[in-house]
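*Asks:* Okay, sequence plus prediction incoming.
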Amino acid sequence: MQILRQSEHTTKPQDDELLYVGKSLQKPDVAQKVTGQAIYTDDIRISGLIEGRLLHCPHPFAKVKAIDTSKAKSLPGVTAILTYQDAPQNKFSRSTMAEALPSFAYNGERQDQKILTDICRYRGDCVAAVAAENIYVAEQAIDLIDVEYDVLEPVFDPFQALEPNAPQIHSDAKNNIAFEMDHPFNVGDTKQAFADADVIVDFSGVNSRQKHLHMETDSAIAQFDENGRVTIISPSQGPHLGKKHLSERVFSDLEDGDIRWLSPTIGGGFGARLALGLEPIAVLLARKTGKPVRVTSTREEDFNGYASRTDQHQTIRLAALNDGTITGIEQYIISDAGAYLSHSATTSLVNMQKSLGLFRCDNVYGHVKVVYTNTPVTAGFRGYGNAEGAFVLQQAIDMLAEKLAIDPIEIRSRNIRKEGEQSFFLPCVLEHTRLQECMDEGSKAFGWNKKFKGWNRDKSQGRFQRGVGMSILNHASGAGGFLLEHSSAVMKIQADGSANLVISPCEMGQGILGAVTQIAAELSGIPYEKIRVVTGDTDITLFDIGSHASRSIFVVGNAVANCAKKINDIIRECAITHFEKRQVKVKKEDLIVQGGEVFPKTNPETTISVREIAHDEIYNFTEIGSQISASGAYLSTSHHPNHQAGFAEVEVDTETGHVTVLKYLAAHDIGRTINPLLVESQMQGGAVQGLGFALKEDYVLDQTTGEVLNDTLLTYTAPTVMDVPELKNLMIEDPYNHGPFGAKGVGEAGVVNPAAAIANAIYDAIGVRIHSLPASPEKVLAMLQSGGREMPNGASHVSGQRL
Amino acid sequence: MKTIATFHVNGQEYDTVIEPHMVLADILRDNLNLTGTKRACSGGNCGACTVLVNGRPTCSCITLGMLARDKDIETVEGLASTKNGLSTLQTAFVQNNAAQCGFCTSGMLMTAEALLRENPQPTRQEVKIAISGNICRCTGYIKIVDAIMEAVSTLQTINNHNEKA
Amino acid sequence: MGRVLLPFDYYEPQSISDAIQLSRDSFGTYLAGGCTLVPALRRRERRDSCLISINKIEGLNEFYAHPKKGLTVGARVHAATLLPDIWAGKRFAALHEAIEQLYPPHIGNMGSIVGNLCSAIPYYDLPTAAMALNAEIHTTGLNGKRIIPLESFYLDTSKNALHDHELATHAFCPPPQPDSGSCFKKIYRSRRTTYDSHKINAAASIAFDQDRQKIQYARIVLGSWYFRPHRYQKAEDLLKNQVPSFDLFTEAASIVLEDLKPITDMEWVEKTRFAQAKVLLRDTIAQAASRAKSRQDPFEDASQIIQNTK
């Protein structure tokens, strides 16, 4: 990875003075992971723990007529069996975002499902739950529950679901419309803009339901104590929001403080854990049995049940003048939520926010409709609507460039929003962007000018055709002004001069614990290896909405920075008397804390250790003792997205339709790299996920039965090491004043560009536009066979099958 | 049909009560409390549960415990030792940040361990082929291949040094 | 779909006759590596109440590959056993290639070749490869021993021609023709309906005449299309006595396509499936022919190599 410094003047302190920030240090949790010592939810051993399992409906749409649990109940070792009659009738959404959203978006979070139900709206809706002394008995008991269903006529296609005679999936959602709205910040008059335009392009596309595929499948432990307080242990990306949601929406007899939520090591999140999973049923079983209960799920249940990207059927129209200036943008989205709404409405809205906000334009119109179908529930996934939108928008802008015979980079350069301009989505200005630099440096490193042969190049003959394509994006660094963007951190110094840093974000592998510790070390003066991070326990950590929206490094990082500065301040304050004892007269402002030592700027030879100061503060028998500690908070309200430009080179086998990515380069506008190793890890992981989204991951349902046809890791074909192309990453560094050391977010962006850039590269190679993701061999071949004309709609619209 | 079975894991002998329908992954985790081995698909499709049985990478999630009795089993817990600390391979994983969420890491390490014993000087392509059945959703694989290649060269240096000595 | 298996009885007989006797008494299912059986039990696609492990039976772990004697693999032999074998790689390349491409590679260390062939899973690769090599299944049952050609071994999905209690003891591929070569290839696809498969696979075996000018013998197999792999004799006949050429292979592939029926009712899906099958067949035949043509290991040399490696 290469780091390109755009300017040096905004950074303070200067780089060469930094001990930790900008260094590739090892994250604190990595050693446990390579020795198998890291504890995930399923590894936790609690005495008396019983095992819970769920019974899922085998039909896509059915009503429970009768349920007989007598055989199962009589099985030795069975502790409890619950059906819908035993569960609270409160409706809730699995998405916990409702608790962190402003009211205009909050309406998008319908509370529409129950823990256990008698109306099953997809294969995988939960009908009954069992708790037994071990997993083997639990599964035998599940097997013995007899359920009689009234099978109802299902609908799997969002367009069919919208028709007047379609089966009604939720009684309170007419025409199966779960959510519909104009974009709240539509401006100008697009009709007029299109009438006055020199050129118009119109492009439609749909993405597939990419699965999160966190390697650790969902599980949850719940245990009540004698006072009726419940402890939940589960892999949650946002336990504070989770407990608020659980007490507010699901269990009306529990208060926020009645829940203690522990989030241990998490086996991957990618957005799926930003929701309630098995926690509600674990709580229910624990309450019923009075014992600690663990509920687990299988990979098949994960495939058939909760969480994937939402398939968003989109049309984007662009109006432009002959010089390439975009004068109007319209975006229409019809999203297929699946059986329950969850994150689908918010991801669709965020898609519009990113797609409509990237280019400077006075006439903007967006409209979204989210539809229920009898298919598995979809959710928020890394990128949160952005990857879905980029795939369509970035092909549309290329079409515009082709019509006007302008280079793809040039047309983007002419239209992107510049720093200081009004942003589209929020009533504030775009405070920081280096997107232009990303395009410039990226194209240089990629060799774009050599590789892109222009729009009218002669297509050579032959089986294998090569092409290049690019795409750009803007993504959140925390949704300041939109979400509840604040976080707090606490730091305390032990008697040996080491520190505990208490922060809220959950470590899912992204490396956030390492990055914020580097910030804490840099600003407090305590050595990196002497700072131990504490996280994942809502009784200890302070409120925070969780790890998502690429927010942690910015929001949590700033909170940690504020906290560490205070610690530094206190240490220097306390140091004065220690210096005085040694007849050294110092002023606080002249002291420096570094590497666990305090010394005067002018006299670095005279040092006092933080250890001595911290020890004497605690073990102070003569005066009033106290431990050195501080808390710091940060609230983000500004708009400072991170940006990326992605470049792809592909080779298409025109006989089989197989697309191979040869090279992929991403240039990221990061503000400042806190830890290059961790950042590069995120970029690479995101790019390969994006590559799977682009070419491989096809989540297919049988159109007549609603059955998930690839519910194993064999048939789903996630990218393996063999699919990884030559990957290159550029960091475009130019610190953003309000970021910790100038940093902006990075986690999600990597996944957004690949599909769009690859689709554009495929067009460059074979002259055919990809309307449906993934661009699997069959689809590419079908498009080639039809000469690039849009295919007639297939039998199914579900999951990217509509071409 | 409960039986007392003997398992040889990481050079240690364990007697434990099992039933024929228990798979090796569950026995290692639940009976022997070796939870470093992870279950991610339970279908033999992802490699997360890889352990070495008689030195060969094996999906412990679809191996019946009965078939693994009296065989030499190695798990991630056996890689590091209290005497020598992390193994060369583990150190390389740490230094390259080859573990993100860490759920595939145990299986990845065991598969790589088997490769390096069989072929101490693999090419990058041979490393890729060896771990092609281990799915990682976080890293994009590059850091993992980097780490294994780094371990290869470290081991090579150690060997050369030993030979000279 | 369970996370664990439901209980079953389990036996470990020491001999073939004991195994057959146990099977008769308990109606148990034979278990080799379990790579097909265990996941199916967990997914509740099967609910066997008794398993009879054959892993303690002596004599079922025989393996040898020889250009003049053929390939023999006992029922306990794991697939990966073939990989380091020089003759398996050279003279039974199709099977070797199919094993090399098993996903994940771990399966080769756990699953047996005979178990794979007996599973009768439509999308498995080894049956396609083995059929191109003229494989046969040797069995022992209540009425003695039988030899069943692989071509007539499959009756339906998950159903083979073994009688009740009959045990497949080993698989055998006859020695290949002189101057011959074989090849296996596959293409992954997305399933579109329940009856669809997520791949297409093909294998071919080609032999030349003494002058290595004309094709003398051909076997062409396409799998993962119907519930079992099929041979396509019309295409094989077309190749006979012909000088190999790209156009000839293309024509042979086209002839196979004439006999194929679509799987789904989706036009674009089938069009691409047929197009991909054609390329797959053409390339597989071409690769097999190229191997046959470039073969540099007549038996005399071979025996020398065997001597040297011993």
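*Replies:* Good, I have the coordinates. Numbering: from 1, shown residues only, chains lettered A, B, ... in the order given.
*Asks:* For chain B, what lies in contact range of chain C?
*Replies:* B:1, B:19-23, B:26, B:42-47, B:50, B:53, B:56-59, B:62-64, B:66-67, B:111, B:129-130, B:132-134 (CB under 8 Å from any CB of the partner chain). The way it works is simple: take the backbone N, C-alpha and C, and place the C-beta from them, glycine included.
*Asks:* The residues you listed in helices, which ones?
*Replies:* B:26, B:66-67, B:111, B:129-130 (DSSP state H).
*Asks:* which residues of the chain score low on pLDDT?
*Replies:* In the absence of a named chain, this looks at chain A. In the predicted model of chain A, residues A:6-16, A:104-108, A:425-427, A:788-803 satisfy pLDDT under 70.
*Asks:* wait, chain B
*Replies:* Checking chain B against pLDDT under 70 turns up nothing.
*Asks:* Need the max-distance pair from the ones in helices among the residues of chain B next to chain C.
*Replies:* Spanning the widest gap among these are B:66 and B:129, at 31.0 Å by CB to CB.
*Asks:* More neighbours: those two, which one.
*Replies:* Ranked by neighbour count (other CB atoms under 10 Å in any protein chain shown), residue B:66 and residue B:129 place residue B:66 first, with 24 against 16.
*Asks:* correct me, but that one touches residue B:20?
*Replies:* Yes. Using CB atoms under 8 Å, residue B:66 makes contact with residue B:20 at a distance of 5.4 Å.
*Asks:* For residue A:501, grab phi and psi.
*Replies:* phi -110, psi 120 (degrees, to the nearest 10).
*Asks:* ok so, going back, redo the ones in helices among the residues of chain B next to chain C as CSV? Include distance to residue A:514.
*Replies:* Below are these laid out as CSV (distance: CB to CB, whole Å):
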residue, distance to residue A:514
B:26, 33
B:66, 43
B:67, 41
B:111, 26
B:129, 31
B:130, 29
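*Asks:* Spit out the contact partners of the nearest residue to residue A:280 once chain neighbours are set aside.
*Replies:* Counting by CB to CB, 6 or more residues apart in numbering or on different chains, residue A:115 is the residue found nearest to residue A:280 once chain neighbours are left out, at 4.7 Å. Applying CB atoms under 8 Å, 6 or more residues apart in numbering or on different chains to residue A:115 gives the contacts A:87-88, A:126, A:250, A:280-281, A:284.
*Asks:* Apply 6 Å and report the result again.
*Replies:* Residue A:115 makes contacts with A:87, A:280-281, as judged by CB atoms under 6 Å, 6 or more residues apart in numbering or on different chains.
*Asks:* Quick check: the gap between the residue most central in space within chain B and chain A.
*Replies:* In chain B, the residue lying closest to the centroid (CA atoms, centre = their mean) is residue B:110, at 2.0 Å. Per CB to the nearest CB, to the nearest Å, residue B:110 is found 10 Å from chain A.
*Asks:* My understanding was that that residue contacts residue B:50; is that so?
*Replies:* Yes. Using CB atoms under 6 Å, residue B:110 is in contact with residue B:50, at 4.5 Å.
*Asks:* check which helix or strand covers residue A:487.
*Replies:* Per DSSP states H and E: residue A:487 is located in strand A:486-493.
*Asks:* Counting by contacts, list what that strand packs against.
*Replies:* strand A:499-502, helix A:557-581, strand A:629-635 (3 or more CB pairs under 6 Å, 6 or more residues apart in numbering or on different chains; DSSP states H and E).
*Asks:* quick one: strands adjacent to the very next helix or strand once past the second one?
*Replies:* Of the helices and strands lying after helix A:557-581 in sequence (DSSP H and E), the nearest is strand A:591-594. Taking DSSP bridges as the criterion, strand A:591-594 forms sheet pairs with strand A:597-600 (antiparallel).
*Asks:* Could you check how far residue C:226 is from residue C:197?
*Replies:* Distance check for residue C:226 against residue C:197: by CB to CB, to the nearest Å, it reads 9 Å.
*Asks:* Apologies, that question was intended for residue A:161.
*Replies:* 29 Å.
*Asks:* which one of these two has more residues nearby?
*Replies:* residue A:161 (27 against 20).
*Asks:* Thought residue A:374 was touching the more buried one, still the case?
*Replies:* No. Applying CB under 6 Å, one finds residue A:161 not in contact with residue A:374, separated by 8.5 Å.
*Asks:* Can you give me every residue that contacts the most centrally placed residue in chain C?
*Replies:* Central residue of chain C (CA atoms, centre = their mean): residue C:127, 2.4 Å from the mean position. Listed by CB under 6 Å, 6+ apart, the contact set of residue C:127 reads C:117, C:229.
*Asks:* where does it land in three-state SS?
*Replies:* With DSSP: H, G, I helix; E, B strand; the rest coil as the basis, residue C:127 sits in helix.
*Asks:* okay, it: pLDDT?
*Replies:* pLDDT, residue C:127: 98.
*Asks:* which secondary structure elements does the biggest helix by length in chain C contact?
*Replies:* Ranked by number of residues, the top helix in chain C under DSSP H is helix C:267-293. If you count contacts as 3+ CB pairs under 6 Å, 6+ apart, helix C:267-293 packs onto helix A:777-785, strand C:180-188, strand C:199-208, helix C:246-258.
*Asks:* So for stretch C:107-126, what gets flagged as buried?
*Replies:* Residues C:107-126 are the ones in stretch C:107-126 that count as buried (16 or more other CB atoms under 10 Å in any protein chain shown).
*Asks:* Tell me which of those fall in helices.
*Replies:* Going by DSSP H, the helices hold C:107-110, C:113-119, C:126 from the buried residues of stretch C:107-126.
*Asks:* Identify the farthest-apart pair in those.
*Replies:* So, these by CB to CB: farthest apart are C:109 and C:118, at 18.8 Å.
*Asks:* Can you identify each of the helices in the stretch 1-150 of chain C by residue range?
*Replies:* C:16-26, C:37-42, C:86-91, C:93-100, C:107-110, C:113-119, C:126-132 (DSSP state H, counting those that start in this stretch).
*Asks:* Then the stretch 301-450 of chain A?
*Replies:* Listed in chain order, the helices of the stretch 301-450 of chain A (DSSP H, counting those that start in this stretch) span A:344-357, A:386-404, A:408-415, A:435-446, A:448-451.
*Asks:* ok, now which ones touch the spatially closest residue to residue B:74 that is not a sequence neighbour?
*Replies:* Spatial nearest neighbour of residue B:74, excluding adjacent residues (CB to CB, 6+ apart): residue B:52 at 4.1 Å. Residues counted as contacts of residue B:52 (CB under 6 Å, 6+ apart) are B:74, B:110, B:114.
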